[in-house]
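A.B. asks: Structure for the following, please:
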Amino acid sequence: MAAAVDEAWADVDLRGIVSTRYGHAVPTGRIRVIEAGHPIPDENSVKAARAMLDAVSGLGPEDLVLALISGGGSACLALPVAEITLQEKQALTRALLHSGAPIGAMNTVRRHVSAIKGGRLAAAAYPAQVVTLLISDVPGDDPAAIASGPTLADCTTPVDALAIIDHYRIAIPAWLRERLTVAGDAPLATANGPSVLVATPGQALDAAAAQARKLGILPVILGDAIEGESAAVGRAMAAEALGRKARGKGPVVMLSGGETTVTIGPEGGGRGGRNCEFLLALATALDGATGIHALAADTDGIDGTEDAAGAMISPDTLHRAKAAGLDPDEMLARHDSYSLFAATGDLLFTGPTHTNVNDFRAVLILP
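C.D. replies: As a prediction, the model looks like this:
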């Protein structure tokens with residue numbers, strides 16, 4: 001996004017700062033790039049946030065701030081409120097990631113413990129005009145939820161954040177609980193400019209559907225905002241695929257997007273992101289059914305914290321796993337799907353894609 005702006009506005013006096021995850025930077029001309037931690041924020045996440053606040057300070061009404069927002073910004077751009085240490089913010093983020101909370105709920109909490117999210121970056125830029133261009137990676141495409149909305153107004157309150165923390169039984173310091181309680185229903189900062197969605201998960205599914213039609217495959221879009229436990233979604237889609245297979249219509253490809261979750265218990269888990277877990281649950285539920293293949297991946301090229309975008313399965317996936325001495329059910333139970341697909345050679349590696357419209361799933365049903 002930043003590289004495109006630098007190229008398109010070659011005759012405009014501009015400067016800027018971009019924060020992205022490690023290994024995902026590209027040349028951006030006059031725009032500085034800071035690589036930072038993801039999905040857990042680190043010192044560079046704080047460095048980037050402070051640099052952005054400094055960059056927009058002291059602007060006037062004739063200045064334009066162009067905010068380029070996409071998924072991952074909640075971690076890559078992190079500035080805890082004064083009382084919270086980076087270590088406490090990291091612990092809270094890790095607990096949220098393991099809790100099974102949907103991304104919308106996670107980002108609500110993040111906004112209320114941040115000095116830059118929830119419209120605060122836009123407030124710091126006032127009286128300059130702020131225009132926000134967004135690539136959506138959140139179910140429902142709520143602009144304020146993307147990267148926790150640093151330039152967009154937020155309708156949630158500290159009470160909402162505290163309710164989420166309590167619902168998912170996340171431990172927080174007593175002083176933070178007191179802070180959120182006292183703040184009550186006070187709203188966050190109000191944004192001061194328009195926003196435009198330039199890319200969405202729905203567009204990715206529409207493009208995949210168009211390609212399927214060219215190949216003579218009937219596309220069925222199940223939705224671009226599917227949430228829930230990855231394993232449960234996998235089993236539900238297996239049932240749908242088996243039903244379509246039994247009706248004898250094909251070839252059909254079921255397409256879906258959204259962001260599922262994986263709840264990690266106190267005992268911890270193995271290796272595997274939400275897409276690999278979805279696929280392993282799908283494979284175990286299909287139990288070798290003929291003619292059904294699937295792919296699931298995160299469109300940024302990274303499934304969770306691993307180096308793979310996701311994986312693929314075929315009717316012989318379980319057979320090959322068992323031949324390698326693996327127990328698919330046991331590995332699914334301990335959230336170790338990456339290790340299974342690494343052993344079977346079914347991991348999907350794309351490298352950084354430099355975009356992020358959330359997860360992409362395709363289940364192909366052959367007659």
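A.B. asks: For residue 18, which non-adjacent residue is closest in space?
C.D. replies: residue 2 (4.5 Å; C-beta to C-beta, 6 or more residues apart in numbering). All C-beta atoms are positioned from the backbone trio N, CA, C, and that covers glycine.
A.B. asks: Tally up the residues packed near residue 333, please.
C.D. replies: 12 (other C-beta atoms under 10 Å).
A.B. asks: just residue 160 next, same as before
C.D. replies: Neighbour tally, residue 160, other C-beta under 10 Å: 18.
A.B. asks: repeat for residue 13
C.D. replies: Residue 13 has 6 nearby residues by other C-beta under 10 Å.
A.B. asks: now do residue 117
C.D. replies: Residue 117, neighbours per other C-beta under 10 Å, totals 28.
A.B. asks: how far away is it from residue 176?
C.D. replies: From residue 117 over to residue 176 the distance is 16 Å, taken as C-beta to C-beta, to the nearest Å.
A.B. asks: thinking again about what came up before, give me every residue that touches the residue nearest to residue 18.
C.D. replies: 16, 18, 28, 31, 33, 68 (C-beta atoms under 8 Å, 6 or more residues apart in numbering).
A.B. asks: Most neighbours among those, please name it.
C.D. replies: Compared across these, residue 18 has the highest neighbour count, 21 neighbours, by other C-beta under 10 Å.
A.B. asks: All the helices of the stretch 51-200 of the chain, residue numbers only.
C.D. replies: 73-76, 86-99, 103-111, 120-125, 158-167, 174-183 (DSSP state H, counting those that start in this stretch).
A.B. asks: which outside residues touch the last one?
C.D. replies: Helix 174-183 is contacted from outside by 83-84, 88, 112-113, 157-159, 161-162, 165, using C-beta under 8 Å, 6+ apart.
A.B. asks: and if you look at stretch 10-18?
C.D. replies: By C-beta under 8 Å, 6+ apart, stretch 10-18 touches 1-2, 5-6, 28, 30-34, 48, 51-52, 55, 66, 68.
A.B. asks: ok, 7 Å please
C.D. replies: By C-beta atoms under 7 Å, 6 or more residues apart in numbering, the residues outside stretch 10-18 that reach it are 2, 28, 30-34, 48, 51-52, 55.
A.B. asks: follow-up on the earlier one: which member of the contacts of residue 2 is positioned nearest residue 42?
C.D. replies: residue 33 (15.6 Å; C-beta to C-beta).
A.B. asks: wait, doesn't residue 127 sit right on residue 60?
C.D. replies: Yes: contact criterion C-beta atoms under 7 Å: residue 127 and residue 60 qualify, at 6.5 Å.
A.B. asks: Mind checking which of the two has more residues around it?
C.D. replies: More crowded of residue 127 and residue 60, by other C-beta under 10 Å: residue 127, with 10 against 7.
A.B. asks: What is the burial count for the nearest residue to that one once chain neighbours are set aside?
C.D. replies: Counting by C-beta to C-beta, 6+ apart, residue 127 lies nearest to residue 61, which is 4.5 Å off, once chain neighbours are set aside. Residues lying near residue 61 (other C-beta under 10 Å) number 8.
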